[in-house]
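K.L.:
only the shape, not the letters, is given here:
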Ligand SMILES: C[S@@+](CC[C@H](N)C(=O)[O-])C[C@H]1O[C@@H](n2cnc3c(N)ncnc32)[C@H](O)[C@@H]1O
């Protein structure tokens, strides 16, 4: 997906991926995996997800990466917080207590800029990317976080029934991308109620990518 694809989606407010409440699999699994106290969570391709507010309310700190400045302005407005906005290299950092969002291309984010990360939460990030980008994405995310553990949410469905995004990411793909560096386990599979985009039967799968 080109950057223009996502900018157009945000400009047209075509954000069907944006959930109206925090993700259920996040709520069910995250606290058992990552202790709250002082933990800083990296959310790649974060959009303006309400999951960020969930993390902050639980006492986590959050760092995110997102292409769309419009999305991040909306995020801070909805959080009711005025961010400090600073240019950092090719990116712009929007910061407030316990939250730093880097606006721009995630491939321009470095470990130095990002700072320490205790865990990664990937919801609608890997599944948003076409096959040819997934290897680069997985390498970039692990590189800038020092292979922090992840809660990774994927969708599985019959790809021939719908074009992505979101794309179907099966277990073999997750293993190809991550089994060299993580120990992988499936925490839960949940049926997507009403089908994905109301069109195809799908499961949402919660993966824990832990230290190998
Ligand atoms: C499917 S949305 C998911 C947003 C969020 N994770 C959620 O659950 O609502 C994917 C997001 O990734 C952003 N994005 C796509 N490519 C990106 C890139 N190379 N760097 C940073 N953000 C990107 C898009 O602008 C979009 O907001």
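P.N.:
Yep, it's here. Keep in mind the model is a prediction, meaning the values are calculated, not measured. Numbers count the residues shown, from 1 in each chain.
K.L.:
check whether the helix ranked longest in the chain comes near the ligand.
P.N.:
The longest helix of the chain (DSSP state H) is helix 131-145. No: applying Cβ under 6 Å from any ligand atom, one finds helix 131-145 separated from the ligand by no less than 7.9 Å. Quick note: C-beta positions are derived from backbone N, CA and C, even for glycine.
K.L.:
cool, stretch 91-98 as well?
P.N.:
No: using Cβ under 6 Å from any ligand atom, stretch 91-98 stays clear of the ligand, coming no nearer than 9.5 Å.
K.L.:
buried residues of that stretch, list them for me.
P.N.:
The neighbour-count check on stretch 91-98 (16 or more other Cβ atoms under 10 Å) flags 91, 93, 94, 95 as buried.
K.L.:
now swap in stretch 71-81 and tell me
P.N.:
For stretch 71-81, by 16+ other Cβ under 10 Å, it's 71, 72, 74, 75, 76, 79.
K.L.:
quickly check these for the two that are furthest apart.
P.N.:
Largest separation among those by Cβ to Cβ: 71 and 79, giving 12.6 Å.
K.L.:
after the longest helix of the chain, which helix or strand is next?
P.N.:
The helix or strand immediately downstream of helix 131-145 is strand 150-156, counting by DSSP states H and E.
K.L.:
so the residue nearest the centre of the chain, which of the three states?
P.N.:
For the chain, the residue nearest the mean C-alpha position is residue 122 (3.4 Å; Cα atoms, centre = their mean). Of the three states, residue 122 takes strand under DSSP: H, G, I helix; E, B strand; the rest coil.
K.L.:
and it, how far from the ligand?
P.N.:
8 Å (Cβ to the nearest ligand atom, to the nearest Å).
K.L.:
so what's that residue scoring on pLDDT?
P.N.:
You'll see residue 122 listed with a pLDDT of 98.
K.L.:
same deal with the one 3 residues further on?
P.N.:
The pLDDT attached to residue 125 in the predicted structure is 98.
K.L.:
ok, now residue 28?
P.N.:
96.
K.L.:
quick revisit: closest to the ligand out of the buried residues of stretch 71-81?
P.N.:
Nearest to the ligand, judged by Cβ to the nearest ligand atom, of the buried residues of stretch 71-81 is residue 71 at 5.5 Å.
K.L.:
now do the host helix or strand of that closest one, average pLDDT.
P.N.:
Applying DSSP H and E as the criterion places residue 71 in helix 69-79. Helix 69-79 shows a mean pLDDT of 98.
K.L.:
which residues does the helix or strand following it contact?
P.N.:
Next helix or strand after helix 69-79 toward the C-terminus (DSSP H and E): strand 84-88. Contact with strand 84-88 is made by 92, 93, 94, 95, 96, 102, 113, as judged by Cβ atoms under 8 Å, 6 or more residues apart in numbering.
K.L.:
centre of the chain to strand 84-88, how far?
P.N.:
21 Å (Cα atoms, centre = their mean, to the nearest Å).
K.L.:
list the buried ones in it?
P.N.:
In strand 84-88, counting by 16+ other Cβ under 10 Å, buried: residue 88.
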